[in-house]
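Colleague: Could you look at this predicted model? Sequence included:
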Amino acid sequence: MEGTPFSAGPGVQVRSFLSSLATVDPEGLTETERVAVVAALEALKGGAAAAQARVTAAAVVDREALGEDSRSVRADLALARRCSPTLADQHVGVAKALVGEMPETLAALTRGELSEKRAGILVRETACLSVEHRAEVDKRLAATMTSLGDKALAGAARRVGAELDAESLAERNRRAVASRRMSVRPEADGMAWSCVAPMYPCAAVPSALAR
């Protein structure tokens, strides 16, 4: 409603900014300027992911602090992010880790210097560590996390984690091997998805090979 605090709240402000992006026009720009716009938009995506993480964590943590079941707010978050409840739970886990345990990663994401994907890599690679060790990995990688590629970043996080707690990393590897499995589902045009989990991502293969 006009005149209420909500009318000028963050949600309205974000949607107003979103509408303004429609005015971004490549016509009349030099190639250098277009690349600069792409870079700025990429940074914007990181900042938006950080804002999502902060709001998501607050919504869930507040509900849990009241001793209430957070499943309803998690379901709302799944609808808000247009994803499955399972994926929404993963987003919640990443958000809570970033906000509560990884300030350097969250800060880099907020500045748009780190992508949501790479922030997720850091969360994933430190998942087996204690809160204190995860925070230490976050601190040690602060200076380099924005300059590393996906594989290098994951490797760096694993190396630091192994220095801090080799046994936890070894146990994680043992669990991954023990739970590894293959699943196949049909796809269009005589293809099938073959997935070995949790060690490897899915890949499209001819259905004849998947039998």
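Modeller: Looks like it came in fine. All of these numbers come straight from a predicted model, not from anything done at the bench.

Colleague: Nearest the geometric middle of this structure, what residue?
Modeller: Nearest residue to the geometric centre of the chain (C-alpha atoms, centre = their mean): residue 120, 3.9 Å.

Colleague: Quick check: residue 161 vs residue 97, distance?
Modeller: Between residue 161 and residue 97 the computed distance is 14 Å (C-beta to C-beta, to the nearest Å). From N, CA and C alone the C-beta is placed, and that goes for glycine too.

Colleague: Could you pull out the helices in this structure for me?
Modeller: Assigned by DSSP state H, the chain shows helices spanning 10-20, 31-65, 71-81, 85-101, 103-110, 116-125, 131-140, 150-164, 166-178, 207-210.

Colleague: For my notes, please list those helices in a markdown table and give distance to residue 192 for each entry.
Modeller: Output for the helices of the chain, formatted as a markdown table (distance: least, C-beta to C-beta, whole Å):
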| stretch | distance to residue 192 |
| --- | --- |
| helix 10-20 | 38 |
| helix 31-65 | 33 |
| helix 71-81 | 28 |
| helix 85-101 | 22 |
| helix 103-110 | 36 |
| helix 116-125 | 26 |
| helix 131-140 | 38 |
| helix 150-164 | 27 |
| helix 166-178 | 24 |
| helix 207-210 | 4 |
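
Colleague: Tell me which of those helices lies nearest to residue 185.
Modeller: helix 207-210 (9.0 Å; C-beta to C-beta).

Colleague: where does this structure dip in pLDDT?
Modeller: 1-8, 169-170, 172-183, 194-211 (pLDDT under 70).

Colleague: change it to 50
Modeller: By pLDDT under 50, the weakly predicted segments of the chain are 1-5, 199-211.

Colleague: returning to that earlier point: so what sits against both of residue 161 and residue 97?
Modeller: Shared contacts of residue 161 and residue 97, defined by C-beta atoms under 8 Å, 6 or more residues apart in numbering, are found at residue 126.

Colleague: between the helices of the chain, which gets nearest to residue 186?
Modeller: helix 207-210 (6.7 Å).

Colleague: wouldn't residue 122 be in contact with residue 138 here?
Modeller: Yes. At 7.2 Å, residue 122 counts as touching residue 138 under the criterion of C-beta atoms under 8 Å.

Colleague: Show me whatever sits in contact with both of those two.
Modeller: Among the neighbours of residue 122, those also in contact with residue 138 (C-beta under 8 Å, 6+ apart) are 102, 105.
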